[in-house]
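Enquirer: the following comprises the amino acid sequence and a computationally predicted model.
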Amino acid sequence: MTGTAGFLWRYLLFLLCLTGAAVNTGNNLLYLVLSFMIAFAVAAFAAAGRSLRKTETTLLLPDEVEAGRAFVLGIEARSSERRLPIGWAEASLAKFPGDAPGTSLPSLPPGGRAVISVTARARRRGVYSDLGVKLKTSYPFGLFRRRRTIRIPCALVVTPRRRRLRSLAIESPLSAGSQSSRRAGDGADLFNIRDYTTQDDARRIDWKASARVGRPMLREFERDQEPTLDVVLDERVTGNAWQAPFEDLVEKAASILGHCDEVGIRGRLLVADAGGIARPLAGRAASRYLATVCGRPDAPPPESGAGSGGPRIVLSLDAAVRTRVHLEPYDARSIASTRSGSGP
């Protein structure tokens with residue numbers, strides 16, 4: 001037997017032998033040594049417990065992480081003791097949905113603080129709020145190993161795994177609604193010249209037109225049209241909502257939206273509510289929805305919600321509406337090749 005447990009058993013065995021010798025011989029010196037060893041053990045047990053009680057921890061988490069990809073989180077340790085230092089401890093994550101190695105927290109002076117970084121990897125998407133930190137210490141003499149679990153009120157958002165787009169086939173053509181429309185905005189092309197009001201930006205006053213008509217006139221520019229790609233996830237499934245085919249659809253949706261961000265296309269996730277009305281989600285809102293979405297048999301069909309009128313990708317387990325999207329592992333090199341047009 002090795003480590004703290006082995007040392008503790010040897011210590012207790014020696015203490016038992018010393019007790020027998022003191023009782024049989026009546027030697028006062030043996031009783032004195034026995035008392036010292038018992039006090040030593042009690043002090044070690046109390047010091048380890050006090051060290052854990054006076055240690056406060058906090059998890060420093062990123063806003064969201066991707067499933068299967070390594071990320072760095074921080075464990076902040078603070079000492080609530082104002083007079084004496086607290087000892088070192090071994091820290092590990094509790095209820096973490098993946099791989100996270102343990103680390104060591106250093107001894108802290110009174111009121112001290114330390115932040116230790118840990119490289120972790122979450123296995124599966126979701127929002128995990130029941131996280132904590134497990135502390136173990138054999139401070140100060142290595143005689144006892146005390147444990148404590150600290151629950152921390154925080155949430156880790158794990159988005160679906162992303163893969164590189166190898167090819168993408170959009171089966172619905174561009175409709176008339178996706179063509180550029182002439183509306184006032186912040187573009188570069190002149191749209192209209194109208195009377196100036198006090199709510200307008202004075203920097204856009206057209207001085208030549210103002211001098212010609214005798215009153216302030218304002219230049220309006222045509223609004224730039226940003227290409228938009230709508231992604232529709234068909235949530236209709238039967239059986240287990242976490243089955244592999246549905247997970248593959250969720251990963252495809254996340255990969256397409258991530259690809260849109262990389263190439264400068266506005267990507268939106270269309271989510272239909274119970275009444276069949278489409279609700280567009282983009283950016284972090286779309287990522288968080290995909291982190292927790294579960295397939296359900298009573299979900300509305302993907303055709304029930306209207307989009308922007310532009311290109312649409314429908315991801316479904318139904319072969320009749322499934323769009324062909326081919327993916328492969330997602331990394332920085334493949335993003336660069338996709339941008340330059342040299343990817344497979």
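Expert: Structure received. Numbering: from 1, shown residues only.
Enquirer: what's the lengthiest helix in the chain packed up against?
Expert: Using DSSP state H, we find that the single longest helix of the chain is helix 28-53. Secondary-structure packing of helix 28-53 (3 or more C-beta pairs under 8 Å, 6 or more residues apart in numbering; DSSP states H and E): helix 3-25, strand 132-137, strand 146-151. (C-beta placed from N, C-alpha, C; glycine too.)
Enquirer: single out the most deeply packed of the ones you listed.
Expert: Mean neighbour count (mean count of other C-beta atoms under 10 Å) peaks for strand 132-137 among the helices and strands packed on helix 28-53, with a mean of 21.
Enquirer: ok so, going back, could I get the helices and strands packed on helix 28-53 as TSV with mean pLDDT and distance to P297?
Expert: Shown next, in TSV, are those (pLDDT from 0 to 100; distance: least, C-beta to C-beta, whole Å):
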stretch	mean pLDDT	distance to P297
helix 3-25	74	53
strand 132-137	94	35
strand 146-151	93	35
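Enquirer: which one of these lies nearest to V231?
Expert: Closest approach to V231 among the helices and strands packed on helix 28-53 is made by strand 132-137 (35.6 Å; C-beta to C-beta).
Enquirer: quick check: angle from the closest one to helix 28-53?
Expert: Relative orientation of strand 132-137 and helix 28-53, computed by axes from the mean of the first three to the mean of the last three C-alpha atoms, to 10 degrees: 160 degrees.
Enquirer: and the contacts of strand 132-137?
Expert: For strand 132-137, contacts defined as C-beta atoms under 8 Å, 6 or more residues apart in numbering pick out 48, 51-52, 55, 57, 59, 75, 87-95, 105, 145-152.
Enquirer: now do 10 Å
Expert: Residues outside strand 132-137 that contact it (C-beta atoms under 10 Å, 6 or more residues apart in numbering) are 4, 47-49, 51-52, 55-59, 75-77, 86-96, 102, 104-105, 144-154.
Enquirer: just stretch 36-50 next, same as before
Expert: Against stretch 36-50 from outside (C-beta under 10 Å, 6+ apart): 8, 11-12, 14-15, 18-19, 81, 84, 86-87, 89, 136-148.
Enquirer: contacts only, for G98.
Expert: If a contact means C-beta under 10 Å, 6+ apart, then G98 has 65, 67-68, 70-71, 120-124, 128, 156, 158 as its contacts.
Enquirer: just the helices in the stretch 101-250 of the chain please.
Expert: 207-213, 244-263 (DSSP state H, counting those that start in this stretch).
Enquirer: pick the most buried one from the ones you listed.
Expert: Most buried of these, by mean neighbour count (mean count of other C-beta under 10 Å): helix 244-263, with a mean of 19.
Enquirer: next SSE downstream of that helix?
Expert: Next helix or strand after helix 244-263 toward the C-terminus (DSSP states H and E): strand 266-272.
Enquirer: tell me which residues of that following strand are tucked away?
Expert: Applying a neighbour-count criterion of 16 or more other C-beta atoms under 10 Å, one finds G267, R268, L269, L270, V271, A272 buried in strand 266-272.
Enquirer: would you mind listing where this structure has pLDDT under the threshold?
Expert: 1-8, 167-191, 199, 221-227, 239-242, 273-277, 302-310, 319-344 (pLDDT under 70).
Enquirer: and it, what are its domains?
Expert: Following automatic domain parsing, the chain resolves into domains at 1-159, 163-178+226-340, 184-222.
Enquirer: for the buried residues of strand 266-272, which one is nearest P110?
Expert: Looking across the buried residues of strand 266-272 and measuring by C-beta to C-beta, the closest to P110 is L269, at 50.9 Å.
Enquirer: strands of the stretch 201-344 of the chain, start to end?
Expert: Secondary structure of the stretch 201-344 of the chain (DSSP state E, counting those that start in this stretch): strands located at 217-222, 228-233, 266-272, 278-281, 312-315, 325-329.
Enquirer: on that earlier part again, got the buried residues of strand 266-272 as a markdown table, with distance to L165 columns?
Expert: Below are the buried residues of strand 266-272 laid out as a markdown table (distance: C-beta to C-beta, whole Å):
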| residue | distance to L165 |
| --- | --- |
| G267 | 12 |
| R268 | 17 |
| L269 | 16 |
| L270 | 19 |
| V271 | 22 |
| A272 | 24 |
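Enquirer: quick one: which of those residues is nearest Y196?
Expert: The closest of those, once distances to Y196 are taken by C-beta to C-beta, is R268, at 35.6 Å.
Enquirer: the closest one contacts D261, doesn't it?
Expert: No: if you go by C-beta atoms under 10 Å, R268 and D261 don't touch, sitting 11.6 Å apart.
Enquirer: which neighbours do those two share?
Expert: Here R268 and D261 share the contacting residues A282, G283, scored by C-beta under 10 Å, 6+ apart.
Enquirer: just to revisit the earlier point, ok, the contacts of G98 vs Q243, which is closest?
Expert: Checking these against Q243 with C-beta to C-beta, the nearest one is R124 at 12.8 Å.
Enquirer: each with direction, which strands does the following helix or strand past the longest helix of the chain pair with?
Expert: Following helix 28-53 in sequence order, the next helix or strand is strand 55-60 (DSSP H and E). Looking at strand 55-60 with DSSP bridges, its partner strands are strand 70-79 (antiparallel).
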